[in-house]
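Q: My questions are about this predicted structure, shown below with the sequence.
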Amino acid sequence: MKISEIFENMTYGPAPENASEAYKFLDKFEKKFPLFINGEWQKSDSEVFIKTFNPSDNSELSEISSGSPKDVDDAVKAAKNALEAWVNLGGIGRAKYLYAIARQIQKHSRLFAVLESLDNGKPVRETRDIDIPLVARHFYHHAGWASLMETELPDYQEVGVIGQIIPWNFPMLMLSWKIAPALAMGNTVVLKPAEFTSLTALLFADICKNVGLPNGVINIVTGDGKTGAEIVNHPGVDKIAFTGSTEVGKIIRKSIAGSGKKLSLELGGKSPFIVFEDADLDSVVEGIVDAIWFNQGQVCCASSRLLVQESVAEKLYSKIKKRMEKLRMGNSLDKCIDIGAVVDQTQWNTIDGYVKKGIEEGNQIWQPTWECPKGGQFYPPTLFTDVPAASIIAQEEIFGPVLVAMTFRHHKEAVNLANNTRYGLAASIWTENINLALDIAPQIKAGTVWINSSNVFDAASGFGGYRESGFGREGGKEGLFEYVKPKIEKEFPENAPKVKISKTKTAFNPSGIDKTAKHYIGGKQVRPDSGYSINITNPWGDYIGEMPEGTRKDIRNAVEAAAGSTSWGSMTGHARAQVLYFIAENLSSRAKEFAEKIALMTGQTLNDAEKEVEVSIQRIFAYAAYADKYDGQVHSTTSKNVTLAMPEALGVLGIVCPDENPLLGFLSLLLPALAMGNNVVIVPSEKHPFSATDFYQILETSDVPAGAVNIITGKKDELASEMAKHFNIDGLWYFGSKEGSEKVEALATESMKRTWVNYGKHRNWLDSKHGFGEIFLRNATQIKNIWIPYGA
Ligand code: NDP
């Protein structure tokens, strides 16, 4: 091009980044990578290699090993062997290694950035300025957490060997999100990168070797989904941390159900980008570029659904189109481009398939007039307008540069449309009215909400989903809990603590049985749908009463009542506390009657039963106190934001109670759930249900709103299964058998609800270290991070 032409059209010329260092690294391994196991490069036992390509020009970059079952076994064994010494090194010892890794990443940041761009197709401007700096930040930040572990988490210990499986969209960033917290908390790791993008993980292994990380602490096993499945199912692995598709997330969850392996899942999304009519539309346009064309839209939290207030929709569409026309697409190593290549032909086909479906559905499509470069996997930025909410392209995750727009008229409609998805990863809200933004943010069911910004991340802030976007958080203090377990868990016995049966048979108490127990649904006592009751006996085999036999229909009615009741969840923590204190007061005035009922059902001495009631009252008081004290944090992130980490109620929480301590077990689970603002469907002790069915009289006289507590009696495992399958139950706690725990975890997969099960282990509910504390509150909530711009 002549200089005069450049002056005339003012286009940018290419600004290619030099890739020679990256190729030198590939050459060092003769473009055929072994695995990294026990601190050594190890040939794969499979002797099978997978080719990896540069998506910008389809040139072959290298070959990576396809890890076999034996390779995975070697890696897990190495990680297990390394565990004890790594834990014993202590937090400060581990911090030194994490700092050293962070420094190495910074020193080699350009090499990492270039290699990542080559392998993935994303613009080097992004890997250089976003991905790799965030990777280093993640290691620095978690080096700090390692040194603070003993002070900040004194009651917790490492989980053990962690299997980590990551996708191709942010290969190094996902690696750091997984490895940094795991190592900081004293775990060792077997990580499988995605087969399309394993090269930077192998460069990272090289760095681990350079910093002298003890052998076996990190093991990198490359391969495809089969290698991933080997890691998931290996009995030596104690936890799986997965990021990827919802489909694979479900497969993983099902396959480890009941194994006791801890699990965190960061899955897909279909995040809304909500534009109110008073928003600064020029900023909105740049926000959209970041939201959907960053990394070619291959971002789990990409705001792929644009919801715009009708009055400004046309104006915004025309501004977006103008900007799209100016987006620059090209080779990932060109520093002047906005959009690179998508990762692989298969992904290109998936995107194109959705776009064709969108056209078939009759939606309005718009693409820029310029042509995509040839020879690579380039997909044009695409805008669909006026798309109906039920359209496939408005519901499914496309994972490409495709923006689907629809309009709304009023605020409520915006919230309804935003939440009209099975996902819940992120949302972006655009308005110049901070009151409006802060009114909308808590109403959006998503783990991250950005106000007047999009795709902002930091190691100090947790990231993760609601609903089918998975569970668990990565980053921030909340993310550490994915890599620790309470030390007290070791004490939980396999067998239920023995109940001391009274020497004298408890007197049959006619006043206790002359009324028929019923379910309690929506604030009313109701008969079971089945019309059947189950006889309840005391330990001597005497009949003492009947409880309703709950069925699927009763659970459905209870869930409907719980889901439809909004007053409890919208009360302030202070107001909820007052109701809980009132419950404690009312129980206290009927303490003797409840103790007699416990003694009658369980055969315990009256003294022991009185003790159970006394501890129950104390526990209600304690959770009433927590109702306005278990609050969030303002995270100290690196961007100019106030990042509010707010614990939110899960929504509708199902609870299945243990048999022992029928009143205390019931209240130890119900109360933290209520204190945090959940509506509850609870199944009391199957053996001894009457202290719970009597409890609805206490609820009725304590100002508990209808629908906040629903009690269904019956066969606990059958009812647990119904609850596990129900799509409108957001979380389920199960305290029963090992088999029952497995079933709950497996059945909860489809609805992706959060579960908390005891794997057949028991707690001594009378001991506050077992039956009380923050862990109950943490399981009753999920953290939402709201990013609010702050400062100039
Ligand atoms: P997958 O969920 O298939 O892959 C994620 C990781 O899991 C990869 O390392 C993959 O291996 C591995 N894997 C695949 N199958 C199994 C299995 N059965 N057990 C254990 N590990 C397994 O995502 P894809 O890469 O196939 O992408 C498909 C779609 O998923 C995308 O179009 C997108 O919609 C979504 N996606 C979402 C992401 C997110 O961050 N939420 C990230 C990536 C994809 P390998 O790929 O190496 O064979």
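A: Structure's in. What do you need?
Q: Residue of this structure nearest the ligand, please.
A: Using C-beta to the nearest ligand atom, Gly228 is the residue of the chain that sits closest to the ligand, at 2.3 Å. Every residue, glycine included, has its C-beta placed from N, CA and C.
Q: residues touching the closest residue to that residue other than its chain neighbours, list them.
A: Counting by C-beta to C-beta, 6 or more residues apart in numbering, Gly228 lies nearest to Ile165, which is 4.7 Å off, once chain neighbours are set aside. By C-beta atoms under 8 Å, 6 or more residues apart in numbering, the contact set of Ile165 is Leu191, Lys192, Gly228, Ile231, Val232, Ile240, Ala241, Phe242, Thr243, Gly244, Ile252.
Q: Sort out which of the residues you listed are in strands and list them.
A: Leu191, Lys192, Ile240, Ala241, Phe242, Thr243 (DSSP state E).
Q: Go back to those residues and keep what's next to the ligand.
A: With C-beta under 6 Å from any ligand atom as the criterion, the ones in strands among the contacts of Ile165 include Lys192, Thr243 near the ligand.
Q: The spatially closest residue to Cys301 that is not a sequence neighbour: neighbour count?
A: In space, and not counting its chain neighbours, Cys301 is closest to Ala426: 3.8 Å by C-beta to C-beta, 6+ apart. Around Ala426 there are 31 other residues, counting by other C-beta atoms under 10 Å.
Q: Numbering from 30 from now on, please.
A: Taking 30 as the first residue, the last one we looked at is Ala455.
Q: Please name the bridge partners of Ala455.
A: Thr477 (DSSP bridges).
Q: So for the protein, the centremost residue is which one?
A: Geometric centre of the chain, nearest residue: Phe500, 2.1 Å, by C-alpha atoms, centre = their mean.
Q: does that residue have beta-bridge partners, and which?
A: Leu294.
Q: Tell me which residues touch Asp160, please.
A: Ala142, Glu145, Lys151, Phe199, Met201, Leu202.
Q: Please list only the buried members of those.
A: Neighbour counting by 16 or more other C-beta atoms under 10 Å classes Ala142, Glu145, Lys151, Phe199, Met201, Leu202 among the contacts of Asp160 as buried.
Q: right, and the residue nearest to the centre of the chain touches Ile812 too?
A: No - applying C-beta atoms under 8 Å, one finds Phe500 not in contact with Ile812, separated by 10.9 Å.
Q: State the three-state secondary structure for Val337.
A: Judged by DSSP: H, G, I helix; E, B strand; the rest coil, the three-state class of Val337 is strand.
Q: roughly how far apart are it and Leu310?
A: Per C-beta to C-beta, to the nearest Å, Val337 is found 9 Å from Leu310.
Q: Are there residues contacting both of those two? Which ones?
A: Joint contacts of Val337 and Leu310 (C-beta under 8 Å, 6+ apart) are Val304, Leu345.
Q: Of the two, which one has the most company?
A: Comparing Val337 with Leu310 by other C-beta under 10 Å, the one with more neighbours is Val337, at 27 against 18.
Q: Quickly note the distance from Gln396 to Leu356.
A: 11 Å.
Q: anything in contact with each of these two?
A: Pro410.
Q: Enumerate the residues of the stretch 230-379 of the chain near the ligand.
A: 253-254, 257-258, 261, 272-274, 277, 280-281, 296-297, 329, 376, 379.
Q: what about 8 Å?
A: 252-258, 260-261, 271-278, 280-281, 284, 295-298, 327-329, 375-376, 379 (C-beta under 8 Å from any ligand atom).
Q: do the same with the stretch 530-679 of the chain
A: So the stretch 530-679 of the chain never meets the ligand (C-beta under 8 Å from any ligand atom).
Q: What segments of the stretch 530-679 of the chain are strands?
A: Here the stretch 530-679 of the chain has its strands, by DSSP state E, counting those that start in this stretch, at 548-550, 553-555, 562-566, 572-577, 662-664, 670-678.
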